[in-house]
Each structure stands twice: as structure tokens, then as C-alpha cells.
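Enquirer: Structure here, sequence nowhere to be found:
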């Protein structure tokens, strides 16, 4: 059997295909961005057809970069931006409209009405999630209620729903399915039964026949079509939402394993083992992963909407940097933020606040400040938002944090990681393979077909790549955290119902 495993990582701003060997080392990759469609304030969309076209391109490019063909792959895993919702016609394969992205806030009224009608506690208890615009169930309801013909087609069995993993797998194999991690992000799945819940489907008005089958995160779902981008039949054998994939890629298989992924948003996930832990501090309870027929592992998660995308905003909307890497150089040109705090609550505040009425704010400005201070404030915002979630996790799980495992593109910014260590007061550690999201999807697929014998092999593969030690004292951290809390307060109550 080949020891190469491929991974399609369908993210919020781009899609990549990566190839890994048995040691978990990268063999090749190809990555392409897709358009961010912003029809009006608070709306964020993707063209699902464009995403599929990019997926095909990166698969071909990634195989070429690795110097292999599909015949050299033992399996392929899928990982994806979660909650982003697409509905398509099974007869034509065409979407009924653009996918609604997880950052989109148009469904805020839908979830608030569910709360006002007294259904909030049922949703929290059954799904582990608060009623929030973030999750896929409200987006699906909006499409059913607002896009002509979708509800009738759904009731007739023609319209199919999926998050982006489902969309990619359907195009690759013709199978309509998802895994437990992605299903747990819809507000429609029961955490205990790991199945769609009829009472919740009724609340959201969702016909059950349009939903994908829920499967484990690691099993053979089907083979790629020979006329697809691989040009041959390859087992598709892993499916994990991106943050769950990163947990697997970081080899956090024991209860207490914690990682923070820095991407478009930041996502801290704490493995709680087979126990469902209910948060008292603004976190969500979710499925961590389920490997084959083993019991599901659960997790506490803190989701932060805007972190890396704040750097993208500095580049694309403000034009003060030409590329993301320049943010580090610009921020390092000043010793501090000059009193500026930037809270990028563009889509409201997620964990641990869950305030959809919040909006972004830059405070503390004076004539002294420059774009360098704003760039540094953006990096500090990434780190303070992460610290907010870490503090909630410490309170919920009663843990002492010895260090923080990190991964994702922003971890290549050494200044940002040093700030993170300073804000938390603990070491920050990055593995040798920083792209753990794609690696986790590859691991799930490889486990299913026997490339790896079990999780012990994956733990052995993990190796430290970089470490940042805190360089500030407790008083400095306390002052910085207090200023951040004041800035967060300024963002609240900005949007009226």
C-alpha cells in the first residue's frame, strides 16, 4: 500500500490540496483563493461552483507539486470551513444560490426569535450550541424561506443540503454524507444520539430528506470518480470540520488536549474525552471526532470570528499593507500600540461573549498614531481574543494551562506568537507541521485504510517546531488585559434589533 495520503482543505478564503507521507511530513501542496462575496453589510457568501472549480485545480496542482499521481495515494481526507451552508439540486448538481458563509449574520433575527419563543434551552441542551447566526441551521432555514423553489424541491427530495465537506464529497464521489463533527455545527444534531433530531428539524422547518447521512470521521465513504480531478478511483476516507481536524493533526487524543488554530478566525478546542461537558462560561460543546466505530470524543470550543481576517482587512479594505506577511514587519517597527486597541467584531463577538450586537471598533487614537500602531493592535487583538477563550476554558474545565499548542497560517508571524505568550503568561508551541488542519484530515483518512495502525503512531509523529516564552510580568499582563476589556465594552450595543 502507498504511504502517501492526500487532504483537501476547503477553507474560508482558499482551498488547498496537500500530500503527506507516513511520517506526517508534507510532500507537496497547491492552494488557490476564491472570491469573498459581500452583498450588503453583515452578509458573506461564496460561489460554491467556484469553490468546486478551485478544488479541482488544487488537486491537480498538488499532485504535480508532489511529483505523484492518484495511483500513489492510499486515500484522501476532507476538511472544511464549518457551518458554511450550500443547497443544490441533486438532478443538475447546480447550487440554488451562493453558499452562506459561517461569518454571515443575516439569520440573527431567526435565532433571536427561537430564543424569544422559549426554544433556546432545548437547542443548548440537545446540541451543545447557543442559538446563534454562526451555525448552519439558521442559514438553511433562511434559504428555504427566501430562495424561490427551494422548499418545494426539498420536500420533493430534489434539493440537498450540505456544509462544504458534503458539497466536495458529493462532487468527488456522488455520495451525500457528512461526519459527526460537521453535523454537530448545525443546531440540528443531537449530541448524544449523533443523529438528526426531529424536534429540532421541526423548529427550523427543515425537511429531513434533504439532509446528508451522518457518518464517522474516519471510514471509507466511497471512491473518487475516474473522470474527476484525480483521474482515477481513490478512497475518500476522512471527513472533519477544520478545527476538529487540527485537533487530530496536533495529536490531542487524550482528555485535556488543547490546541488553538489561527486562521480566518481563531478556534480553541479542548478534548474532554467521551464525556459531554456543558460550559458555564460562554463556550460551546461539540463533537471532537469519531474514529471509525470507536465512541465519539467530545470537546469544549471557543470560536473567534475575526483574527487572521483582520489582517486581510488591513490589506484589502484599508490598503495599509500589500500582503499578510508585511503586518509583522510593520507592527515590529513600533514598540507598542501607542495606546490603540482594535476589536475586530465585524460579525459581532463570538465566544465567550456571544454578542451579535457588537461591531468593530478602534479606540484610543491620537494624532501620534500611525498605521504601524494599528497593525500591532491587530496582532494584539488576535492574542487577547484567544486569551478571553483560554480563561473561560480554565474556568470550565478546572485545568492549569502549562503551554498552548498552536497551528495555522498566523503562527508563521513570530511577533504575533510572542505577543500571545506575553498575554497568556505561558509558552506557545508550534509543531514542525504548522498546517495541522490538512494533516488531521490526512490522518483520519489514513487510519481508515491502514496507513497508520492507530493514534499512537500519530502521537509519535508530532514534533516541536518553534517555541515562544513569555517576556512580560504579571503586572504588565494585568494592565494589558484590563485595557482590552475596556475596548471590548466599547463595541457592545452598537446594532439595534
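Expert: On my side now, so go ahead. These numbers come from a predicted model, not from an experiment.
Enquirer: May I see the buried residues of stretch 337-351?
Expert: 337-338, 340-351 (16 or more other C-beta atoms under 10 Å). Backbone N, C-alpha and C define where each C-beta goes, glycine included.
Enquirer: likewise stretch 476-493?
Expert: 477, 480, 481, 483, 484, 487, 488, 490, 491, 492.
Enquirer: same thing with stretch 33-42?
Expert: Those would be 34, 36, 42, for stretch 33-42 by 16+ other C-beta under 10 Å.
Enquirer: ends of stretch 397-410, how far apart?
Expert: End-to-end distance of stretch 397-410 (C-alpha to C-alpha, to the nearest Å): 27 Å.
Enquirer: Repeat that for stretch 352-360.
Expert: Comparing the first residue of stretch 352-360 with its last one, the separation is 16 Å (C-alpha to C-alpha).
Enquirer: do the same with stretch 423-438
Expert: 28 Å.
Enquirer: Could you shift the numbering so residue one becomes 33, and keep it that way?
Expert: I'll keep to 33 as the first residue from here, and by that count the last item is stretch 455-470.
Enquirer: where along the stretch 333-482 of the chain do the strands fall?
Expert: 373-375, 393-395, 436-439, 460-463 (DSSP state E, counting those that start in this stretch).
Enquirer: right, and those strands - which one's nearest residue 191?
Expert: In terms of C-beta to C-beta, the element of these nearest to residue 191 is strand 436-439, at 36.1 Å.
Enquirer: quick one: strands adjacent to that closest one?
Expert: Note on strand 436-439: by DSSP bridges, its sheet partners are strand 290-294 (parallel), strand 460-463 (parallel).
Enquirer: Just the residues contacting it, thanks.
Expert: 278, 281-282, 284, 290-294, 422, 449, 452, 456, 458-463, 466-469 (C-beta atoms under 8 Å, 6 or more residues apart in numbering).
Enquirer: Of those, keep whichever come out buried.
Expert: 278, 281-282, 284, 290-294, 422, 449, 452, 456, 458, 460-463, 466-469.
Enquirer: thought residue 36 was touching residue 105?
Expert: Yes. Contact between residue 36 and residue 105 holds when scored by C-beta atoms under 8 Å: they sit 5.4 Å apart.
Enquirer: The two - which one has more neighbours?
Expert: residue 105 (25 against 22; other C-beta atoms under 10 Å).
Enquirer: May I have the phi/psi pair for that one?
Expert: Main-chain dihedrals, residue 105, degrees, to the nearest 10: phi -100, psi 130.
Enquirer: Tell me the pLDDT of it.
Expert: Per-residue confidence (pLDDT) for residue 105: 97.
Enquirer: cool, and residue 529?
Expert: 60.
Enquirer: what residues are up against residue 441?
Expert: With C-beta under 8 Å, 6+ apart, residue 441 has these contacts: 294, 295, 340, 356, 466.
Enquirer: cool, residue 276 as well?
Expert: Contacts for residue 276 (C-beta under 8 Å, 6+ apart) come out as 213, 249, 301, 318, 319, 320, 321, 331, 472.
Enquirer: Can you verify it is assigned to a helix?
Expert: Yes. Counting by DSSP: H, G, I helix; E, B strand; the rest coil, residue 276 is located in a helix.
Enquirer: quick one: it from residue 310, how far?
Expert: 19 Å (C-beta to C-beta, to the nearest Å).
Enquirer: before we move on, what about residue 482?
Expert: With C-beta to C-beta as the criterion, residue 482 and residue 310 are 37 Å apart.
Enquirer: next one: residue 211
Expert: Taking C-beta to C-beta, one finds residue 211 at 23 Å from residue 310.
Enquirer: Looking at those two, which has the bigger crowd around it?
Expert: Using other C-beta under 10 Å, the more surrounded residue of residue 211 and residue 310 is residue 211, with 32 against 13.
Enquirer: mind listing what the closest residue to that one other than its chain neighbours touches?
Expert: Among residues not flanking residue 211 along the chain, residue 271 sits closest, at 4.0 Å (C-beta to C-beta, 6 or more residues apart in numbering). By C-beta under 8 Å, 6+ apart, residue 271 lies in contact with 109-111, 197, 201, 209-211, 213-214, 247, 249, 253, 473, 476.
Enquirer: Who does the helix or strand where residue 271 lies pair with, and is each partner parallel or antiparallel?
Expert: Assigned by DSSP states H and E, residue 271 belongs to strand 267-273. Strand 267-273 sits in its sheet next to strand 105-112 (parallel), strand 250-255 (antiparallel), going by DSSP bridges.
Enquirer: So which bits of stretch 498-511 are buried?
Expert: 500, 502, 504, 509.
Enquirer: What mean pLDDT does it get?
Expert: 94.
Enquirer: First-to-last residue distance for it?
Expert: Stretch 498-511: ends 27 Å apart by C-alpha to C-alpha.
Enquirer: So what touches that stretch?
Expert: Residues contacting stretch 498-511 (C-beta under 8 Å, 6+ apart): 443, 446, 449-450, 452-462, 512.
Enquirer: any idea how far the closest residue to residue 527 other than its chain neighbours lies from residue 528?
Expert: The shortest distance from residue 527 to any non-neighbouring residue, by C-beta to C-beta, 6+ apart, is to residue 389 (4.6 Å). Look at residue 389 and residue 528: by C-beta to C-beta, they are 8 Å apart.
Enquirer: Settle it for me: which of those two has more neighbours?
Expert: residue 389 (15 against 5).
Enquirer: isn't the more buried one right next to residue 165, touching?
Expert: No. When contacts are counted by C-beta under 8 Å, residue 389 is not listed as touching residue 165 (11.5 Å).
Enquirer: list the residues that contact both of these two?
Expert: Joint contacts of residue 389 and residue 165 (C-beta under 8 Å, 6+ apart) are residue 380.
Enquirer: before we move on, the earlier item: lowest average confidence across the strands of the stretch 333-482 of the chain, which one?
Expert: strand 436-439 (a mean of 90).
Enquirer: Quick check: closest non-adjacent residue to residue 97.
Expert: Using C-beta to C-beta, 6+ apart, the closest residue to residue 97 is residue 60 (3.6 Å).
Enquirer: tell me which element that neighbour is part of?
Expert: strand 58-65.
Enquirer: Then residue 41?
Expert: Using DSSP H and E, residue 41 falls in strand 36-42.
Enquirer: number of nearby residues for residue 309?
Expert: 17.
Enquirer: Distance-wise, check it relative to residue 330.
Expert: For residue 309 relative to residue 330 (C-beta to C-beta), the value is 7 Å.
Enquirer: Mind listing the shared neighbours of the two?
Expert: residue 317.
Enquirer: residues of stretch 332-352 that come out buried?
Expert: Buried-residue list, stretch 332-352, by 16+ other C-beta under 10 Å: 332-346, 352.
Enquirer: In this protein, which residue sits furthest out from the middle?
Expert: Outermost residue of the chain with respect to the C-alpha centroid, by C-alpha atoms, centre = their mean, is residue 399; its distance is 37.7 Å.
Enquirer: Residue 371 contacts residue 396, doesn't it?
Expert: Yes. The pair residue 371 / residue 396 is scored as a contact, 4.3 Å apart, by C-beta under 8 Å.
Enquirer: what is in contact with these two at once?
Expert: Common neighbours of residue 371 and residue 396 (C-beta under 8 Å, 6+ apart) do not exist.
Enquirer: Pull the number of nearby residues for residue 427.
Expert: 15.
Enquirer: That'll do, ta.
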